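Participant: got a structure for you, letters missing:
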């Protein structure tokens, strides 16, 4: 793609990087076939190629974003399926992230939009505030149905496994984005009816390996997952300890910054990144770390990009690059270890839902399925597995209509597998798909159960009792 940035613009390292991304695009359109919003809406402006043209125009002319730019960039899920498809290696992730930051700086959103985004940024990254907000949401739950957008009709999603991507309700979402009350309704609908008991793991803390120590890793505590699913990190620690891995929870680490990063709030996301880099660097330079293990794939994609995010910061560039190099998804790390055989899972069929941040963002595709199979589970492939479930961080709040269509499509495809339960590696996907008929469980919790740990609460009724294990 030909670009027309001025020499003065190219003096900015960020614009030079963006210029290289734009020039890599050859207009081929392969990305349109795998883009969830184009598949649903059939609007070129809601495809990666269309957004690239809009972003190029906005940045080349060094102009403020307008309502049309914002509408179509906001509809992007950042699922990165286009990056998997692209034959030219276009780094769409960095391009759309920069566009969101530019929008945040140059566009004044309507009041309701600003308010919802402020609430999300102020609450979700902070576990204490998030728990209080969820407790309040339970009181308001009876009003959720009145505020939510209409559910998609039965003809909206394509038939599961359809060979050709369906274009449904083309132009349906060309109206203004969901309003304030629809987004509040989406928040309430996503809030769980019951929260796990508060049992936050202490920090700093060290969980010693069972037997001889083979490695030492830090585990990301995270933010939302600590409140919604504390059992996930507990299961990860048990699995790692059984494999001879010492686990440390350093003082000072917290939210990875992904949630605010995708809202275009670079200052806040970089602050989170720096805090985590400082915490993990202290461990690296102290007792040492062999890896930084992450149990939420959405966080993993962002942490693996810390080296890029902080590359222009002289005080952090080298440290951030080292952190990104050490960052591993829990399944990515476990795939390199010898885990104990676990026959008790025999007879349980799992539909593995690969989160977009896992398969497209981190290119981790086979390791989780192989671990589940080695643990004794029968693993089913989900049709249209490359398409997003509609969670995408805060997307199911900010774009509830599109998110509902994507969720319905995903659940229909999972239903076609006939599996007993769903396994995935991202808390956002777990929350999004939990309204369906099948339990949704983090992959590491199933591995922990197969090795003798407690049955995941969501799937306890489906899993064989310990006394029946082979």
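Facilitator: Alright, I've got the coordinates. Nothing here was measured: the structure is a model prediction, and the numbers come from that model.
Participant: what's the distance between residue 450 and residue 376?
Facilitator: From residue 450 over to residue 376 the distance is 6 Å, taken as CB to CB, to the nearest Å. For every residue, glycine as well, the C-beta is placed using N, CA and C.
Participant: Who has more neighbours out of these two?
Facilitator: Legend: neighbour count by other CB atoms under 10 Å for residue 450 and residue 376, higher for residue 450 (26 against 18).
Participant: Now do the contacts for the more buried one.
Facilitator: The contact partners of residue 450, by CB atoms under 8 Å, 6 or more residues apart in numbering, come to 342, 344, 345, 375, 376, 377.
Participant: Let's see that with 7 Å instead.
Facilitator: Counting by CB atoms under 7 Å, 6 or more residues apart in numbering, residue 450 touches 342, 344, 345, 375, 376.
Participant: for residue 104, same thing?
Facilitator: Taking CB under 7 Å, 6+ apart as the criterion, residue 104 is in contact with 264, 265.
Participant: give me that answer again for 8 Å
Facilitator: Counted by CB under 8 Å, 6+ apart, residue 104 has contacts 263, 264, 265, 266.
Participant: Closest one of the contacts of residue 450 to residue 305?
Facilitator: Nearest to residue 305 among these, counting by CB to CB, is residue 375 at 30.3 Å.
Participant: Need the nearest residue in space to that closest one, chain neighbours excluded.
Facilitator: Once flanking residues are discounted, residue 375 sits nearest to residue 450: 3.9 Å by CB to CB, 6 or more residues apart in numbering.
Participant: Give me the neighbour count for the nearest residue to residue 80 once chain neighbours are set aside.
Facilitator: Spatially, and ignoring its direct neighbours in sequence, residue 80 is nearest to residue 360 (3.8 Å; CB to CB, 6+ apart). Residue 360: 25 surrounding residues under other CB under 10 Å.
Participant: Please point out which parts of stretch 31-49 sit buried.
Facilitator: Buried residues in stretch 31-49, defined by neighbour count with 16 or more other CB atoms under 10 Å: 31-32, 34-43, 45-49.
Participant: related to what we said a few turns ago, adding distance to residue 245 and pLDDT, write the contacts of residue 450 out as a markdown table.
Facilitator: Shown next, in a markdown table, are those (distance: CB to CB, whole Å; pLDDT from 0 to 100):
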| residue | distance to residue 245 | pLDDT |
| --- | --- | --- |
| 342 | 17 | 65 |
| 344 | 22 | 73 |
| 345 | 21 | 74 |
| 375 | 17 | 92 |
| 376 | 22 | 90 |
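Participant: Tell me which two of these sit farthest apart.
Facilitator: Taking CB to CB, the two most distant members of the contacts of residue 450 are 344 and 375; they sit 8.7 Å apart.
Participant: can I get the contacts of residue 450 in a markdown table with secondary structure and distance to residue 64?
Facilitator: Shown next, in a markdown table, are the contacts of residue 450 (DSSP: H, G, I helix; E, B strand; the rest coil; distance: CB to CB, whole Å):
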| residue | secondary structure | distance to residue 64 |
| --- | --- | --- |
| 342 | coil | 57 |
| 344 | helix | 59 |
| 345 | helix | 55 |
| 375 | coil | 53 |
| 376 | coil | 57 |
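Participant: quick one: which of those residues is nearest residue 220?
Facilitator: Of all these, residue 375 has the smallest distance to residue 220: 22.9 Å, by CB to CB.
Participant: For that closest one, what are phi and psi?
Facilitator: phi -80, psi 0 (degrees, to the nearest 10).
Participant: isn't it right up against residue 345?
Facilitator: Yes: Residue 375 is in contact with residue 345 according to CB atoms under 8 Å; the separation is 5.1 Å.
Participant: what is in contact with these two at once?
Facilitator: Common neighbours of residue 375 and residue 345 (CB under 8 Å, 6+ apart) are 446, 450.
Participant: what's the neighbour count on residue 337?
Facilitator: There are 15 residues near residue 337, going by other CB under 10 Å.
Participant: and residue 291, how far is that from residue 364?
Facilitator: 14 Å.
Participant: So for residue 344 and residue 375, which sits in the more crowded spot?
Facilitator: Neighbour totals were compared for residue 344 and residue 375, and residue 375 leads with 25 against 20 (other CB under 10 Å).
Participant: can you map out the helices along the stretch 201-350 of the chain?
Facilitator: 224-228, 230-242, 258-261, 266-285, 297-303, 306-309, 317-326, 330-334 (DSSP state H, counting those that start in this stretch).
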